[in-house]
Each structure stands twice: as C-alpha cells, then as structure tokens.
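K.L.:
model the structure of this input:
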Amino acid sequence: MKKLILIGVLCLSLTAVGFSMGFSIKATGGLSLLFGGDYNKIVADQNAYAATLPGITVASEYSKLGMGFDFGAEFILQFTDSMGIGLGAGYITASNESTLQITSGVVSLTQTYTPSVSAIPLTLNFHFFLPLGSTLRLHFFAGPGLYITTVKFDATYVLSALAINLTQKFTPDTKLVFGFQGGLGIEFGLSRNIALLLDMAGRYVSVSGLTGPMDTAGTVFGIPVHTTETGTFYYAEANSGGTYYAYQIVDDTMPSGASIRNAREGSFSLSGIQFQTGIRISF
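P.N.:
Numbers count the residues shown, from 1 in each chain. Next up is the predicted model:
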C-alpha cells in the first residue's frame, strides 16, 4: 500500500513539473561592434608610423575592423516562467577593406588590407525573465559558447615606380575556440505566445594560433612571381626612433632581434557588443 501511495505521489509530482515546464524559440539579428584584437592595434600603429616618415605625405590610412553582422536562433527550455536553459547557434561575420597610401614626390606606395572573420557560435545560456507588467519583461542571459571560427586576410602592395604589384592571400585553418556571451533585453508581448525583442549583448572570443598557406602572386620589377608558403600569423613591436610600433608577419618563425619586443602569435578578436532585434515564440 505504501508503495502504491509513493508511486502515486511521484506521478503527481512529475505531472506538476511537466505542466510547469515549457519551451520557446528565439530568433535575432543585428549589428556587432567588434574590438578587433591585435589587428586593430597593428593598423593604428602602422598609421602612426607612416606619419613619422620624413618627406612622406599620407594620402589615406588603414581603418580598424569594427562593424559586423550577428544572427542567431535559440531553443529555450523553461523550468519556470522566469528561468530557463537555452541551446543556440548563429552566424557572425565582419570584414573591412582599407588602404594606406603614402607619397614622396612622384613616387607612391599603396597598401590595401582586407581582413574577414566569421564564426558559427554554439551556445549554452541561462535565461532569467523579470515581468514589468502585463506585456513587458526584462530578459537576462549568459553562458559559455564554442565558436567555430574562420579568418582570412588579403593584402595588396603597389609601387608603380618599381613595377611592383603583389597580392597576398592568407587562409589559415578553421579554429575551435571557447568564449563567453551575456546580455540583457526587453520583450514586448504582441500576443500570449509571441514577443518582440530588443537585446544588447556582450561577447568575449579571441582567435589565435592562426596557421595556414600564404599565397603571393603578381609582379616584381615587371617579372611575374607566384609563391605559396605555410606560416603563422605573428604579432610583434619594432623600435623606430625610440618608439615601438606593432606590425604583423606571416612566417614559419617568430620575429626576434634586438629591436623587437612582445613577439607572439597574433590574434583577431570577435569580442564586442551586439545590438539585436528579433522575436520569441513560446509553446
């Protein structure tokens, strides 16, 4: 008899938990403001270095890697009306083309950098919902993520006075990196099961250890050249007139020497702030 009572209580408990649980699907999209990591430090220092060169006029400068796009979807299992766990996936992408052009008399050097980064985040978030009224709710979320990242870097160098016109393409291997994301938002209830979202989120993800082929093609003194080498993306700072300026190099060995400091594997950062809008459908 006691066993039957215990089984009955257990069944009632499971039924109650089942009725208290629910799930929802969240879909968002918007803009990301990326911090850029070592790449943004490098282009800022290269602009500063060019400005110190005697007899040189700077016609245009590199720009930092900044604005990107961020899309995502998430399945949220809600234990209560105010708490839940979400499994999500998305797509992040950012790219930027900028040119440093310097001239001295009739001679000009044009260098163009085009970095592009993308990632597929697989996230696990804790969600907390705080009602503000009959149709408004605050929404907090945070958790770890696995980011499948791809980085590409193209560069062109044109020095017409010496018939130099080179294009380099660096395509390192895809990297799996761990990160963290979190944010808050506000939900506007459009109906009992549908809500409009406005979210602001932060993300910490840094990609380093970038190794892969570097393809160089073009002309040097009018002679065609084409080489392919495997290297690693390195960051270092070189001394010029008592000031150290950051630069990058793709090579099979880390930069070294008396005038070099802080040499290490370089990084691209997907860390930043996201502004998103979207919809959440509850079931």
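
K.L.:
what sits against the nearest residue to residue 134 once chain neighbours are set aside?
P.N.:
Closest residue to residue 134 apart from its sequence neighbours, by C-beta to C-beta, 6 or more residues apart in numbering: residue 189 at 7.5 Å. Backbone N, C-alpha and C define where each C-beta goes, glycine included. Shown in contact with residue 189 (C-beta atoms under 8 Å, 6 or more residues apart in numbering): 134-137, 195.

K.L.:
any low-confidence regions in the protein?
P.N.:
1-20 (pLDDT under 70).

K.L.:
those helices in it, which residues are they?
P.N.:
2-20, 38-52 (DSSP state H).

K.L.:
next, the buried residues of the shortest one.
P.N.:
Applying a neighbour-count criterion of 16 or more other C-beta atoms under 10 Å, one finds 38-47, 49-50 buried in helix 38-52.

K.L.:
wait, which of those residues is closest to residue 149?
P.N.:
residue 39 (13.6 Å; C-beta to C-beta).

K.L.:
run a quick check on the closest one versus residue 65, I expect a contact.
P.N.:
Yes: checked against C-beta atoms under 8 Å, the pair residue 39 and residue 65 is within contact range at 5.6 Å.

K.L.:
anything in contact with each of those two?
P.N.:
Joint contacts of residue 39 and residue 65 (C-beta under 8 Å, 6+ apart) are 115, 268.

K.L.:
and the residue nearest to residue 134, how far is that from residue 25?
P.N.:
16 Å (C-beta to C-beta, to the nearest Å).

K.L.:
can you tell me how far the closest residue to residue 195 other than its chain neighbours is from residue 237?
P.N.:
Closest residue in space to residue 195, ignoring its immediate chain neighbours: residue 187 at 4.2 Å, by C-beta to C-beta, 6+ apart. Per C-beta to C-beta, residue 187 is found 47 Å from residue 237.

K.L.:
so for these two, which sits in the more crowded spot?
P.N.:
residue 187 (23 against 19; other C-beta atoms under 10 Å).

K.L.:
so that one bridges to which residues?
P.N.:
Per DSSP bridges, the residues bridged to residue 187 are residue 137, residue 197.

K.L.:
now swap in residue 207 and tell me
P.N.:
The partner list for residue 207 in beta bridges (DSSP bridges) reads residue 268.

K.L.:
isn't it right up against residue 269?
P.N.:
Yes: the pair residue 207 / residue 269 is scored as a contact, 7.5 Å apart, by C-beta under 8 Å.

K.L.:
returning to that earlier point: which one of the contacts of residue 189 has the most neighbours?
P.N.:
residue 195 leads these on contacts (other C-beta under 10 Å) with 23 neighbours.

K.L.:
wait, what's in contact with it?
P.N.:
137, 187-189, 279-280, 282.

K.L.:
one more time with 6 Å, if that's ok
P.N.:
Residues near residue 195 by C-beta atoms under 6 Å, 6 or more residues apart in numbering: 187, 189, 280.

K.L.:
now render those as JSON lines, adding distance to residue 86.
P.N.:
Below are the contacts of residue 195 laid out as JSON lines (distance: C-beta to C-beta, whole Å):
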{"residue": "187", "distance to residue 86": "14"}
{"residue": "189", "distance to residue 86": "19"}
{"residue": "280", "distance to residue 86": "10"}
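
K.L.:
nearest to residue 174 among those?
P.N.:
residue 280 (31.0 Å).
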